[in-house]
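A.B. asks: how would this look folded up:
(2 chains)
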Amino acid sequence: MFAPIQLTGEVWATMIFTILAFWGIAIWALVRTLRQEDRKVELLEHQDRIDTYSPRALSDLREWIEENPDDSYAPDARRRYNECVETLEEMDRRFYDWSDEEIAALERLDDDRESSTGA
Amino acid sequence: MSETQAKTAREEWGTRFGFLMAMVGAMVGVGNIWRFPYVAGQNGGGAFIIAFLVLLFMLSVPGLMAEVALGRYTGKGVIGAFRDVVGPGGLVGLGVVVVLVNVALMSYYAPLIGWTLYYAGHSALFTFTGAGFEPGTFLEAFLANPALTISMHTVVVVATAVILFLGIRGGVERVVVFAVPALVISLAIIAIRGLTLDGAAEGLAFTFGIDWNYLFISTTWIEALGQALFSTGLGWGIALTVGSYLREYDDVPLGGGVFTALADASVGVLAAFAIFPIVFAFGLEPDAGAGLTFVTLVQIFPEITGGALLAIVFFVGFFLAAFSSGLVITEVAVTTVSEETRLSRNQTVLAICGLIWVLGLPSALSAEFLDFADFVFGSWGLPLATLCIIGVVGWKLGPERLRVLSVNNNAGLYIGRWWNAVVKFVIPGVMLFIMGYYAYDQFGTPEMIAGMGVLIGFPVISYAVMHYLEGRDGTPSERTVAGGDD
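C.D. replies: Next up is the predicted model:
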């Protein structure tokens, strides 16, 4: 019916690399994000809210708040931080990979900037 | 997700898949199909692909994350998002620039979508496999018939308006969740047929052969830059608008960044397997550009077994690629104008689509004008829009703010501090370099002069208009942002 494709090893290698690098990563990202979505929906059906930051991301958020207490976005940042901490403390199941020790070490930030900075 | 839905009256994507397909549907256009395989083949094959992949991860992925995250954080269209960051005043005009560029882009893209619709219709009538069919004459006759070109332009604009009337979830999402997979399936079918032709290997060798010397040639990197930045639609306001309809618990970096950029590029890769084996099997010229689709490829359908069906699959897929892009490009203006004016969404759809229809008439009547507009806005308007969006994130809002507040919020992938430098310095620097290169390359041409008009005229007029309107309103800024925080 058709002739087998005759290509050099170099062309085959490039094609395989290209398929893996583009289609491979795109499919991996698609499957991963859809699975994460399923997991979030499952958690939300069970407990109506989920933790919104990973341990590293929440640590970055806290660091930024502490470094920029007067920033115009700091109240929103504190609200987001506290919401995540409250969720972690109150909910049994978590989306991100939090350990009990990490959660126990978390502290809520005062919503009022002056008291949070001790002024 | 009932609580999430109850929290806002603003529409949201119904599913994660719908959001992802909207992003990919918007970014995948006709250029993915004919441009990527050829540019790769002309610039060292595998060497170009490596350069492209590096730039995709270095620029497009982080840039798309920034744009989607800004949209998700503000929950507003382009102008509203800009106002949230810069405060009321003339600088909001930078958002107006992005909207104007999108309307201009759609004004010449709609007639081009009309071409694809016309060809899709004729493929269904088996015109291309009929006796005595001449592709060149067929295209010339179409372009020389204003009633036909304007009719196709009108059908496209009306179809766009009808779908946008139905809203984000009921209209756009319903279309893209079918259109994007259908495009991929159609290219896959063509690839299977193309790879079974004698001589197909030459097409693969053209695109995927490797010449490492090209990695040390500047044009390879400039071509790869153009492909990485323009193919992914970075900074056009599309990702911002699509991101503004994300739900509270949705991720940004994995879906809006990595998947969108890689899926968009993957369609180009698939096209390399679908189109170029056919082109080389029949000894056609691979450098015909857009003509490859409308003239070159058309002549081989009668010579392939099952060519009539293949023509339908190809042109329907081609139309879907173009139409889904046009749909979301138009949504950029619809979302922001309906937010910024007293017009309802439906009234806004009518107004924007009507404006696009009127502005699109010159391109519908003249292919030369369409080419000119494409060159001017492709070279100058789109990089200007990208500079506006990335500039606002990088230099006004500050990438670290956006990273900790939105990018890593509910994220499927942790993004570290390296991202800040890319958004603040690398992407704007690269955009300025590209615009400088184009200015040097096209110095003194009518396209460059018109481009300078866009580059200077759009921001000046937009700034003046918003300075007047926002000053007259006198609304105090909710947030006074002193500048970038890092």
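A.B. asks: is it true that residue B:297 touches residue B:275?
C.D. replies: Yes. In this structure, residue B:297 is within contact of residue B:275 by CB atoms under 8 Å, at 7.0 Å. Every C-beta, even on glycine, is put in place using the N, C-alpha and C of the backbone.
A.B. asks: State which helix of the chain is the longest.
C.D. replies: Assuming you mean chain A. When chain A is parsed with DSSP state H, its longest helix is helix A:25-47.
A.B. asks: My question was about chain B, not that one.
C.D. replies: helix B:307-340.
A.B. asks: Go through it and flag the buried ones.
C.D. replies: B:307-340 (16 or more other CB atoms under 10 Å in any protein chain shown).
A.B. asks: do the same with stretch B:184-199
C.D. replies: Residues of stretch B:184-199 classed as buried under the neighbour-count rule (16+ other CB under 10 Å) are B:184, B:186-187, B:189-191, B:193-197.
A.B. asks: can you tell if it touches chain A?
C.D. replies: Yes. Stretch B:184-199 lies within reach of chain A by CB under 8 Å from any CB of the partner chain, at B:195-198.
A.B. asks: for stretch B:228-245, same thing?
C.D. replies: No. Against chain A, stretch B:228-245 shows no contacts by CB under 8 Å from any CB, the least distance being 12.1 Å.
A.B. asks: And that stretch, how far out from the chain middle?
C.D. replies: Centroid separation between stretch B:228-245 and its chain, computed with CA atoms, centre = their mean, to the nearest Å, is 7 Å.
A.B. asks: What is the end-to-end distance of that stretch?
C.D. replies: This stretch, stretch B:228-245, spans 25 Å end to end (CA to CA, to the nearest Å).
A.B. asks: Over to stretch B:275-294?
C.D. replies: Stretch B:275-294 end-to-end distance (CA to CA) = 13 Å.
A.B. asks: contacts for it?
C.D. replies: Defining contact as CB atoms under 8 Å, 6 or more residues apart in numbering or on different chains, one finds that stretch B:275-294 is touched by B:30, B:33-35, B:37-38, B:41-42, B:115, B:119, B:135, B:139, B:190-191, B:193-195, B:197-204, B:206-207, B:295-297, B:299-300, B:303-304, B:318.
A.B. asks: Now which of the residues you listed would you call buried?
C.D. replies: B:30, B:33-35, B:37-38, B:41-42, B:115, B:119, B:135, B:139, B:190-191, B:193-195, B:197, B:200-204, B:206-207, B:295-297, B:300, B:304, B:318.
A.B. asks: Give the rounded mean pLDDT of the longest helix of chain B.
C.D. replies: Taken as a whole, helix B:307-340 has an average pLDDT of 94.
A.B. asks: Same question for stretch B:149-159.
C.D. replies: Here stretch B:149-159 scores 98 as its mean pLDDT.
A.B. asks: Check stretch B:471-480 too.
C.D. replies: Stretch B:471-480 comes out at a mean pLDDT of 52.
A.B. asks: list the contacts for residue 26?
C.D. replies: Chain wasn't specified; assuming chain A. Residue A:26 neighbours (CB under 8 Å, 6+ apart): B:259, B:262-263, B:265-266.
A.B. asks: meant chain B actually
C.D. replies: Here residue B:26 is in contact with B:233, B:238-239, B:242, B:324-325, B:327-329 (CB under 8 Å, 6+ apart).
A.B. asks: Tell me which stretches of chain A form helices.
C.D. replies: With DSSP H as the criterion, chain A has helices spanning A:9-18, A:25-47, A:55-67, A:74-90, A:100-104, A:113-116.
A.B. asks: Identify the spatial nearest neighbour of residue 39, chain neighbours not counted.
C.D. replies: Assuming you mean chain A. Ranked by CB to CB, 6 or more residues apart in numbering or on different chains and with sequence neighbours excluded, the top spatial neighbour of residue A:39 is residue A:95, at 6.5 Å.
A.B. asks: try again with chain B
C.D. replies: Nearest non-adjacent residue to residue B:39, counting by CB to CB, 6+ apart: residue B:223, 5.3 Å away.
A.B. asks: by contact count, what packs against the helix or strand containing the one you found?
C.D. replies: Counting by DSSP states H and E, the element that carries residue B:223 is helix B:218-231. Under the contact definition 3 or more CB pairs under 8 Å, 6 or more residues apart in numbering or on different chains; DSSP states H and E, helix B:218-231 sits against helix B:30-42, helix B:46-55, helix B:260-274, helix B:382-391, helix B:427-441.
A.B. asks: Now render the ones you listed as JSON lines, adding mean pLDDT and distance to residue B:78.
C.D. replies: Converted to JSON lines, the helices and strands packed on helix B:218-231 look like this (pLDDT from 0 to 100; distance: least, CB to CB, whole Å):
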{"stretch": "helix B:30-42", "mean pLDDT": "81", "distance to residue B:78": "23"}
{"stretch": "helix B:46-55", "mean pLDDT": "92", "distance to residue B:78": "25"}
{"stretch": "helix B:260-274", "mean pLDDT": "93", "distance to residue B:78": "18"}
{"stretch": "helix B:382-391", "mean pLDDT": "95", "distance to residue B:78": "8"}
{"stretch": "helix B:427-441", "mean pLDDT": "89", "distance to residue B:78": "17"}
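A.B. asks: Out of those helices, which is closest to residue B:153?
C.D. replies: Of all the helices and strands packed on helix B:218-231, helix B:30-42 sits nearest to residue B:153, with 15.6 Å by CB to CB.
A.B. asks: The residue nearest to residue B:39 reaches residue B:49, doesn't it?
C.D. replies: No. With contact defined as CB under 8 Å, residue B:223 does not count as touching residue B:49 (11.5 Å).
A.B. asks: Looking at these two, which has the bigger crowd around it?
C.D. replies: Between residue B:223 and residue B:49, counting by other CB atoms under 10 Å in any protein chain shown, residue B:49 is the more crowded of the two (27 against 21).
A.B. asks: quick one: low-confidence ranges for chain B?
C.D. replies: Applying pLDDT under 70 to chain B picks out residues B:1-9, B:288-290, B:472-486.
A.B. asks: where in chain A is pLDDT low?
C.D. replies: Residues of chain A meeting the criterion pLDDT under 70: A:1-5, A:111-119.
A.B. asks: Columns secondary structure and distance to residue B:88 on top of the residues of stretch B:184-199 next to chain A, output as a markdown table?
C.D. replies: Formatted as a markdown table, the residues of stretch B:184-199 next to chain A follow (DSSP: H, G, I helix; E, B strand; the rest coil; distance: CB to CB, whole Å):
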| residue | secondary structure | distance to residue B:88 |
| --- | --- | --- |
| B:195 | helix | 57 |
| B:196 | coil | 61 |
| B:197 | coil | 61 |
| B:198 | coil | 66 |
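A.B. asks: how about a markdown table for the buried residues of stretch B:184-199, with secondary structure added?
C.D. replies: Putting the buried residues of stretch B:184-199 into a markdown table (DSSP: H, G, I helix; E, B strand; the rest coil) gives the following:
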| residue | secondary structure |
| --- | --- |
| B:184 | helix |
| B:186 | helix |
| B:187 | helix |
| B:189 | helix |
| B:190 | helix |
| B:191 | helix |
| B:193 | helix |
| B:194 | helix |
| B:195 | helix |
| B:196 | coil |
| B:197 | coil |
